[in-house]
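[1] have a look at this prediction, sequence included:
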Amino acid sequence: MFGSGFRFRQWIARVLRPGPGVRSAFARRSLVAVSLLVGGCAQSEDPQIVFDGPTMGTYYSVKVARPPQGMSAESLQPQVAKVLDAVVAEISTYDPTSELSRLNRNPSTDWIPISAELYRVVAEGQRISSLTDGAFDITIGPLVNLWGFGPETRPARLPSEQEIAAAKARVGWRKLELRADPPALRKARGDIYIDLSALGEGYGADRVGVWLESQGITDYMVAVAGAIRTRGNNAKGEPWAIAIEEPLPDRRSVHRIIPVSNRALSTSGDYRNFFEENGKRYSHEIDPMTGEPVDRRLGSVTVVDDSAMVADGWATALMVLGDRRGPEAAKAQGLAAYFIVRDTNDQPRGFGSPAFESIMQR
Ligand code: FAD
């Protein structure tokens, strides 16, 4: 698989190159593309379209195998960018004009009408919260911002206990009520702040995928950072091959390559988006119970699902649950999840949930 290493390195080099308009956010956040894609189509005779670009402070990439006649990167890319721009306008906390940012600023505790799109992502967040007993929580925003992992600048010092307690008081998935028809949301406190970053890249990959399908495209792979959606096969007629990285902050190397067809996959980890203080690592996955970044042996979790949004959310949820409760939850929920833990010598060791292993054997 790694035989196509040169092309692989070229791809990585392209993805790592910040484009106009995203340089500072990109540099600050580091790359979160914890799932690397292995194209591997060098010997293919079938045509394919490949393009990538900036979105959500990171990068997206699209590959279309055997495209319908007349289609080109030039015809597809502006439309894909429009789909992703629409997602940002709906659910970004980094865009002060987005629907979500306006909702977060709205101090009302009455029902607030929301779009069907925003409803969909919030509803998925609430579903995962209920299944994880609140380890996953989209009202985590005040804590994410306090620790410097949101749109606000990183504080010069670690938050105090009082600051953590004040932010925690605003957090709690049960403080949100949702209504499906017509879509609306009610906050128990006016200062609830919703953060959909754990679901957003996957949601973006799903939205692009659905749009590609509406254009008659049957074989594609869409990645928004570490959230990837595939349909059909690659240009060689084989399943798309996706590599899971070793959870190492200082270099990129492949831990395992997974064949994925007609499924989505997302990886969350503690090794790209973090800071260190007094020799301790603080990563962007926050435990709502403690109000602090998770600090465990678990280096990354990859989840495979039909939907990239669901895979994205669960990957974060299982990271927060940790190396003991995470695998238990994956088993109980029938989730296809792959965990990489670090042993006492910092050596990575991977293992899959029963559903993951059964997918890999097919
Ligand atoms: P994931 O593991 O998928 O998610 C981790 C994130 O989830 C954390 O960073 C936090 O926000 C949240 N989280 C932490 N703990 C929990 C918990 N217990 N429960 C639920 N959620 C939790 N970044 C920029 O720098 N600039 C931008 O312009 C920008 N625009 C964006 C626009 C959109 C629409 C979205 C969705 C994100 C944007 N981002 C931007 C954020 C950036 O891409 C995020 O880092 C990313 O979405 C988080 O994904 P991940 O793969 O890094 O980590």
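    Here it is on my side, so go on.
[2] measure L212 to the ligand for me?
    19 Å (CB to the nearest ligand atom, to the nearest Å). Placement of C-beta: from N, CA and C, glycine included.
[3] skipping adjacent residues, who's closest to that residue in space?
    Spatial nearest neighbour of L212, excluding adjacent residues (CB to CB, 6 or more residues apart in numbering): Y220 at 5.2 Å.
[4] list the residues that contact the one you found.
    62-65, 209, 212, 230-232 (CB atoms under 8 Å, 6 or more residues apart in numbering).
[5] so can I have a markdown table of the residues you listed showing distance to A116, secondary structure and neighbour count?
    Formatted as a markdown table, the contacts of Y220 follow (distance: CB to CB, whole Å; DSSP: H, G, I helix; E, B strand; the rest coil; neighbours: other CB atoms under 10 Å):
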| residue | distance to A116 | secondary structure | neighbour count |
| --- | --- | --- | --- |
| V62 | 25 | strand | 23 |
| K63 | 29 | strand | 21 |
| V64 | 27 | strand | 26 |
| A65 | 31 | strand | 25 |
| G209 | 18 | helix | 23 |
| L212 | 21 | helix | 24 |
| T230 | 25 | strand | 27 |
| R231 | 23 | strand | 20 |
| G232 | 28 | coil | 17 |
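[6] TSV for these, including pLDDT?
    Formatted as TSV, the contacts of Y220 follow (pLDDT from 0 to 100):
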residue	pLDDT
V62	98
K63	98
V64	98
A65	97
G209	98
L212	98
T230	98
R231	98
G232	97
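[7] quick check, the strand or helix carrying A337 touching the ligand?
    Counting by DSSP states H and E, the element that carries A337 is strand 336-342. No - judged by CB under 6 Å from any ligand atom, strand 336-342 makes no contact with the ligand; its nearest approach is 13.3 Å.
[8] show me what that strand is packed against.
    Contacts defined by 3 or more CB pairs under 8 Å, 6 or more residues apart in numbering; DSSP states H and E place strand 336-342 against strand 254-260, strand 298-305, helix 308-333, strand 348-352, helix 354-361.
[9] give the buried residues for it.
    336-342 (16 or more other CB atoms under 10 Å).
[10] what is the mean pLDDT for that strand?
    Averaged over strand 336-342, pLDDT sits at 96.
[11] can you name the residues of the stretch 251-362 of the chain sitting close to the ligand?
    Checking the stretch 251-362 of the chain against the ligand by CB under 6 Å from any ligand atom, the hits are 268, 273, 284-286, 288, 312, 315-316, 320.
[12] hmm, try it at 8 Å
    266-269, 272-273, 284-288, 312-313, 315-317, 319-320 (CB under 8 Å from any ligand atom).
[13] circling back to that earlier point, now the helices and strands packed on strand 336-342 as JSON lines including mean neighbour count and mean pLDDT?
    Output for the helices and strands packed on strand 336-342, formatted as JSON lines (neighbours: other CB atoms under 10 Å; pLDDT from 0 to 100):
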{"stretch": "strand 254-260", "mean neighbour count": "17", "mean pLDDT": "94"}
{"stretch": "strand 298-305", "mean neighbour count": "28", "mean pLDDT": "96"}
{"stretch": "helix 308-333", "mean neighbour count": "24", "mean pLDDT": "97"}
{"stretch": "strand 348-352", "mean neighbour count": "15", "mean pLDDT": "94"}
{"stretch": "helix 354-361", "mean neighbour count": "14", "mean pLDDT": "93"}
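[14] got the ones you listed as a markdown table, with distance to L248 columns?
    Formatted as a markdown table, those follow (distance: least, CB to CB, whole Å):
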| stretch | distance to L248 |
| --- | --- |
| strand 254-260 | 9 |
| strand 298-305 | 8 |
| helix 308-333 | 16 |
| strand 348-352 | 8 |
| helix 354-361 | 22 |
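[15] so the residue nearest to K280 when sequence neighbours are not counted: helix, strand or coil?
    If the residues on either side of it in the chain are set aside, K280 comes closest to D295, at 7.4 Å by CB to CB, 6+ apart. Following DSSP: H, G, I helix; E, B strand; the rest coil, we place D295 in the coil state.
[16] so how far is the ligand from D295?
    Per CB to the nearest ligand atom, D295 is found 13 Å from the ligand.
[17] quick check: the gap between the closest residue to P247 other than its chain neighbours and I340.
    Excluding its sequence neighbours, the residue lying closest to P247 (CB to CB, 6+ apart) is G299, at 2.8 Å. Distance of G299 to I340, computed by CB to CB, to the nearest Å: 5 Å.
[18] common neighbours of the two, please.
    Joint contacts of G299 and I340 (CB under 8 Å, 6+ apart) are 246-247, 348.
[19] please convert the residues you listed to JSON lines, extending it with distance to W240.
    Formatted as JSON lines, the shared contacts of G299 and I340 follow (distance: CB to CB, whole Å):
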{"residue": "E246", "distance to W240": "21"}
{"residue": "P247", "distance to W240": "22"}
{"residue": "P348", "distance to W240": "24"}
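[20] now stretch 148-155: buried residues?
    Result for stretch 148-155 [16+ other CB under 10 Å]: buried residues 148-151.
[21] of those, list those near the ligand.
    149-151.
[22] is stretch 105-123 in proximity to the ligand?
    No - residues of stretch 105-123 are not located near the ligand by CB under 8 Å from any ligand atom, the shortest gap being 8.9 Å.
[23] mind checking the end-to-end distance for that stretch?
    20 Å (CA to CA, to the nearest Å).
[24] ok, and what's touching that stretch?
    Taking CB under 8 Å, 6+ apart as the rule, stretch 105-123 contacts 86-87, 90-91, 99-100, 103, 138, 176, 178-180, 182-191, 194, 196, 199-200, 203, 309.
[25] same question, stretch 74-93
    With contacts defined as CB under 8 Å, 6+ apart, stretch 74-93 is touched by 49, 51, 53, 55-56, 60, 62, 64, 94-95, 97-101, 104, 115, 117-118, 121, 141, 150-151, 193-197, 200, 203-204, 207-208, 211-212, 215, 224.
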